[in-house]
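Asks: What follows is a predicted protein model with its sequence.
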There are 2 protein chains.
Amino acid sequence: MLDSGAAPKFNRPSMPRVTLAHVAERAGVSTATASLILSGREEYIKQFRPDTVEKVRRSAKRLGYRANLFAAGLPTKAPAFFVLVIRDFGGRQDIHDWHLWAFEGNLLAGAVRLAASEGLYPIVATINPDAPDAGVASAKRIVTGGVMGAIVRAQNPPLEKWLREQLHLGYRIVVVFPDQISNWPQNAIIADNLLIGTSAGRLLAASQCKRWGLVRYKQRTTREPHQLRIRGIEDTARQAGASFEVICLPPPPQKPTDRDLARLAKRDFDGLFALDSVLSVNTLQACRRVGLKPGEDISLVGVNCSQWHGPAMPSITSIDVSWSEVGRTAMQQLIQLSHDHQYLFESILIKPQIAPGATCPVPEEMLSDKTGSA
Amino acid sequence: MLDSGAAPKFNRPSMPRVTLAHVAERAGVSTATASLILSGREEYIKQFRPDTVEKVRRSAKRLGYRANLFAAGLPTKAPAFFVLVIRDFGGRQDIHDWHLWAFEGNLLAGAVRLAASEGLYPIVATINPDAPDAGVASAKRIVTGGVMGAIVRAQNPPLEKWLREQLHLGYRIVVVFPDQISNWPQNAIIADNLLIGTSAGRLLAASQCKRWGLVRYKQRTTREPHQLRIRGIEDTARQAGASFEVICLPPPPQKPTDRDLARLAKRDFDGLFALDSVLSVNTLQACRRVGLKPGEDISLVGVNCSQWHGPAMPSITSIDVSWSEVGRTAMQQLIQLSHDHQYLFESILIKPQIAPGATCPVPEEMLSDKTGSA
DNA sequence: AATTGTAAGCGCTTACAATT
DNA sequence: AATTGTAAGCGCTTACAATT
C-alpha cells in the first residue's frame, strides 16, 4: 500500500526553511530591524519609518517566512510551551477505557483553550498506568526539558513522589487529581471529594432513603479520593439516621459476577451511591439485571457519569466534576505562576456539580449550588 | 479559594535553570566535553577517559541537570517535536460531542506511542470546527513554526486548502481523514470508504435482507467520504438484487423527530446501514422507539460504533476504522519522510474492520479480513 | 594515538551604540 | 530626535584544531 519513493515526484527533498536572515537580506535591513518589525508589537514598530516596515513585511510575506518558535523562545527565556501529561489507556479495547479518553480530552480542552489566548502550546505526554516505568521516562524528560511549566494528571505514587521533588527544585508543576491528596497542600487541583460524598448523601436523604448502600471496588487499599467520598456519605447517613452498608464490585477489566449481583437482588437497599463513573454505570447495569429499576424502586446516585447514559437506559443522577474546569483552573495557575516568577500556590479544591438524572430526584434547592470555581 | 502570594512560602521565585555550562564548569571540563558525554552516544563517550566521563556524569547528577530540549534541537536542525492537530468540541455539553473525544484520544494515542520510541514529542493544537478562523491561526503558526512535521485531522475545506499550500512549500504534513479526498493523492491517511459501504452491503446481503435503507443526514451537500460509502452500498444492493432507499436524520445537535421516525415505523425495510457513528446510535435508538428490534425483525449495520453500546441495548454490528491505527500510520509516514529528507508520499487507504454486534450477524468468512495496514 | 578544548553556528531577541 | 545597525547572548551540538 505504501509506495513512497517509487514515483519520482515523491522524491523531492524537503526545502530549507526561510529564516529571519533571509527576510532581512531581501529587505535590505539588519536582522534586528526585521525581528523588531515582525514581532508585531506596536511599541517597536512605530519607531521605524513606514516604508521600512513595509519593505520588511513584504519580504517576509514574499518568502513565506515563519518564525521558528523554538529559537524565538531561547533569548527571552520565556518558552511558549508547557507540558500536559495525561493517561494513555493501553491498547486495550475495553469499552470503559475507550470512554475514559473523553475525560482526558476534556481536561486537555479546558487547559488548551486558555493557553491559546496566552500564545502557549501544549506538549502532550501520555503515561500508561499499567506500564509503570516504560513511557514515564519520556514524560519526565520533557517536564524538566525547558518548558514554561507542566500540568500533570497524577497517576501513581512513584510519579507523584518524583513530581513533588521536581516541584521543590523549582520546576513549575501543577498536579491534577492526585491520589495522595494529603501530600499535596501545594500545587494541586483536587476535586472536593468530601463534598461529593455529602452531596450524594443529601440526595439520598432527600429521597427518603433509609437503607443506603455504597458501591465500591473490592481492593485491599482504598485510595484517598474514594476514602473521602466514603467519609462524606457516611457522615450524611449518620445525620439522616439511615443504615449504611458496603457493596463491592470488581475493578474495570472484570464485569460484575452473579455473586456480586446476589447482594443487590436481596433488595436490602433503597438508596445506592456508586463511587466513580465506571462503578456507576456497572451499578445501573447490575440493578437492571436483577430486576431493580433505579429511579422507581431504588435511588441511585453516581459520580462523573452524567454523560454516560445509553439510549434505552435511565440517565444516572450524578455528582460531576468538570474536567474542563479542572484543566482551565490548572492552566490559570500555571500562567499566574509564570507571570509572578514563582512556582508554588495553595492547592485548589474544585466543587462538584449535581447533574440531575432519572435515577434519583434532585430537590430544587440543591440545583443552585452548581458553581464553584473562581 | 485561590490564595497565591499570601503566605510567604508561596512567594519563592522560580530558580534559574541549570545549564550545560554549569555542569561543565563544576566538572572542570569544556561544554563540548560535557555535551558529548551527556549525549549518551557510545561512539562519543568511548573516546573520553573513564574518569572524565564519571566527573561529568556526577556533576550533572549533582546539579540536577536537564537538557533544554528546545536549545538542543537548534544546532542539529532535527527538532524533537511534531504537531498534532485535532478537533475541539466547543464547550457544548452534547453527549455525542463528549464521546467524540474518545476518537481524538485514540488518534493521539496511536501517533504518540510510535513517536515516543523515536524521541519525538507532540505539540497538540485543537481546532473548533464551529469557530472557523478563531483558533486556527494559533494552529497554523505552530505547524509552520519549526517542527519536524505535522499530523492534521482535517476539518474543513479552507483548512485543507491551506494545508495543501504548505505541503507544496515543503512543510512535512500528513493529513488524516480529509473531507475532499480526491484533492489528496498525496500525504493523506484515508479510510477506505468504498469498502466500508460494500462491507455493510455484504453483511446485509448475507442476512438475506432485500429492502435496504440507508440512513444519512439531510443536507444539501454530501461530503466525499459519505458519498463513497453510499456508492459502496448502492453497488452491493444492485448486485444483491435488493431495493435501496434513503432515510434522513437531522445532524448532531438535533434529535430525530417523530416525523423522522414515521418513515421507519412503516417497516418498509429489513436492513439498515447508518453512515457514521452518531447516525448509527441514533438509528438504533429510533428503531427501538418505533418498536423495531434490530437483530430480530430488522438488520442494522453501523460505522465506528462498536464501542458505543449502552448496557441494556444490543451492540451494533459495526464497520470500524481504527483511529489508533490511523494515528500510528500517520506517524509512521512522518518518521519515514523525516529520515528520507522528503515531504511527499502516496496517500494511504486504511481498511475497515468488521466488529460483530447483535444487530446483524457476521458470516464466518467475513471475520477473517480484519487486518489491513502495512 | 588518545584525549580534550576552541570555535562556529542553529535562529532568534533586545540592549545599546551609531548614524543621519 | 528619529531611525537603524552592532553585538551579545539564549543553551546547545559538532567539526576540527590542539594538546599531551
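Replies: Happy to help now that I have it.
Asks: quick one: the helices in the stretch 51-200 of chain A?
Replies: Remark: helices assigned in the stretch 51-200 of chain A by DSSP state H, counting those that start in this stretch are A:69-76, A:95-117, A:136-143, A:157-169, A:193-206.
Asks: deepest of the ones you listed, which one?
Replies: helix A:193-206 (a mean of 24; mean count of other Cβ atoms under 10 Å in any protein chain shown). Bear in mind the C-beta positions are built from the backbone N, C-alpha and C, glycine included.
Asks: Counting by contacts, list what it packs against.
Replies: When contacts are defined as 3 or more Cβ pairs under 8 Å, 6 or more residues apart in numbering or on different chains; DSSP states H and E, helix A:193-206 packs onto helix A:224-240, strand A:271-274, strand A:299-303, strand A:317-320, helix A:364-367.
Asks: can you tell me which residues contact A:G28?
Replies: Counting by Cβ atoms under 8 Å, 6 or more residues apart in numbering or on different chains, A:G28 touches A:K55.
Asks: Identify each buried residue in stretch A:285-300, please.
Replies: Buried residues in stretch A:285-300, counting neighbours by 16 or more other Cβ atoms under 10 Å in any protein chain shown, are found at A:Q285, A:A286, A:C287, A:R288, A:L292, A:P294, A:G295, A:I298, A:S299, A:L300.
Asks: Just give the nearest non-adjacent residue to the residue of the stretch 151-300 of chain A with the smallest separation from DNA strand D, would you?
Replies: Distances between the stretch 151-300 of chain A and DNA strand D by Cβ to the nearest atom of the strand are smallest at A:G170, namely 13.2 Å. The spatially closest residue to A:G170, leaving aside those adjacent along the chain, is B:M15, at 3.4 Å (Cβ to Cβ, 6 or more residues apart in numbering or on different chains).
Asks: likewise A:I298?
Replies: Counting by Cβ to Cβ, 6+ apart, A:L292 is the residue found nearest to A:I298 once chain neighbours are left out, at 5.2 Å.
Asks: and A:P79, how far is that from A:M148?
Replies: Separation of A:P79 from A:M148 (Cβ to Cβ, to the nearest Å) stands at 5 Å.
Asks: before we move on, back to that, in terms of contact, does the residue of the stretch 151-300 of chain A closest to DNA strand D touch A:Y343 like I think?
Replies: Yes - under the criterion of Cβ atoms under 8 Å, A:G170 makes contact with A:Y343 at 5.7 Å.
Asks: Compare those two (neighbour count), which wins?
Replies: Of the pair A:G170 and A:Y343, A:Y343 is the one with more neighbours under other Cβ atoms under 10 Å in any protein chain shown, namely 25 against 18.
Asks: So which residues on chain A come close to DNA strand C?
Replies: Residues of chain A lying close to DNA strand C (Cβ under 7 Å from any atom of the strand) are A:16-17, A:19-21, A:31-32, A:35-36, A:38-39, A:65-68, A:71-72, A:74-76.
Asks: and if we set it to 6 Å?
Replies: A:17, A:19-20, A:31-32, A:35-36, A:39, A:67-68, A:71-72, A:74-76 (Cβ under 6 Å from any atom of the strand).
Asks: ok, and which of those residues reach DNA strand D?
Replies: Counting by Cβ under 6 Å from any atom of the strand, A:A32, A:L74, A:P75 from the residues of chain A next to DNA strand C sit close to DNA strand D.
Asks: Neighbours of the first one, how many?
Replies: This means A:A32. Number of residues near A:A32 (other Cβ under 10 Å) recorded here: 10.
Asks: From chain B, how far out is it?
Replies: 19 Å (Cβ to the nearest Cβ, to the nearest Å).
Asks: Throw the helices of the stretch 51-200 of chain A into a markdown table and include distance to B:L337 and mean pLDDT, thanks.
Replies: A markdown table is the format used below for the helices of the stretch 51-200 of chain A (distance: least, Cβ to Cβ, whole Å; pLDDT from 0 to 100):
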| stretch | distance to B:L337 | mean pLDDT |
| --- | --- | --- |
| helix A:69-76 | 20 | 95 |
| helix A:95-117 | 26 | 85 |
| helix A:136-143 | 22 | 92 |
| helix A:157-169 | 34 | 93 |
| helix A:193-206 | 47 | 97 |
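Asks: so which of those comes closest to B:G213?
Replies: helix A:95-117 (27.3 Å; Cβ to Cβ).
Asks: residues contacting the closest residue to A:L38 other than its chain neighbours?
Replies: Of all residues not flanking A:L38 in the chain, A:A60 sits nearest, at 5.9 Å (Cβ to Cβ, 6+ apart). With contacts defined as Cβ under 8 Å, 6+ apart, A:A60 is in contact with A:V23, A:A27, A:A34, A:L38.
Asks: For PyMOL, write the select line for the buried members of the residues you listed.
Replies: To isolate the buried subset of those in PyMOL, counting by 16+ other Cβ under 10 Å, use the following:
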select buried, chain A and resi 23+27+34+38
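Asks: Report the inter-axis angle for the host helix or strand of A:A21 versus helix A:69-76.
Replies: Using DSSP states H and E, A:A21 sits in helix A:20-27. Relative orientation of helix A:20-27 and helix A:69-76, computed by axes from the mean of the first three to the mean of the last three Cα atoms, to 10 degrees: 90 degrees.
Asks: which other residues reach whichever helix or strand comes after helix A:20-27?
Replies: Toward the C-terminus, helix A:20-27 is succeeded by helix A:31-38 as the next helix or strand (DSSP H and E). With contact meaning Cβ under 8 Å, 6+ apart, helix A:31-38 is reached by A:20-21, A:23-24, A:27, A:44-45, A:48, A:52-53, A:56-57, A:59-60, A:65, A:67.
Asks: rewinding a little: mark which of the buried residues of stretch A:285-300 are part of helices, please.
Replies: With DSSP state H as the criterion, helices contain A:Q285, A:A286, A:C287, A:R288 from among the buried residues of stretch A:285-300.
Asks: I'd like the distance between the second one and A:F273.
Replies: Computed with Cβ to Cβ, the distance linking A:A286 and A:F273 is 14 Å.
Asks: pLDDT weak spots in chain A?
Replies: Applying pLDDT under 70 to chain A flags residues A:1-12, A:90-97, A:131-132, A:134, A:309-312, A:368-374.
Asks: How is it divided into domains?
Replies: Domain ranges of chain A: A:17-59, A:81-191+A:322-351, A:193-321+A:355-367, per automatic domain parsing.
Asks: And the buried residues of stretch A:285-300, which two are furthest apart?
Replies: Among the buried residues of stretch A:285-300, A:Q285 and A:S299 lie farthest apart (Cβ to Cβ), at 16.3 Å.
Asks: how about CSV for the contacts of A:A60, with distance to DNA strand D added?
Replies: Output for the contacts of A:A60, formatted as CSV (distance: Cβ to the nearest atom of the strand, whole Å):
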residue, distance to DNA strand D
A:V23, 12
A:A27, 9
A:A34, 8
A:L38, 13
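Asks: Now compare the contacts of A:A60 and name the two farthest from each other.
Replies: Spatially, the most separated pair among the contacts of A:A60 is A:A27 and A:L38, at 10.3 Å (Cβ to Cβ).
Asks: Good, wrapping up.
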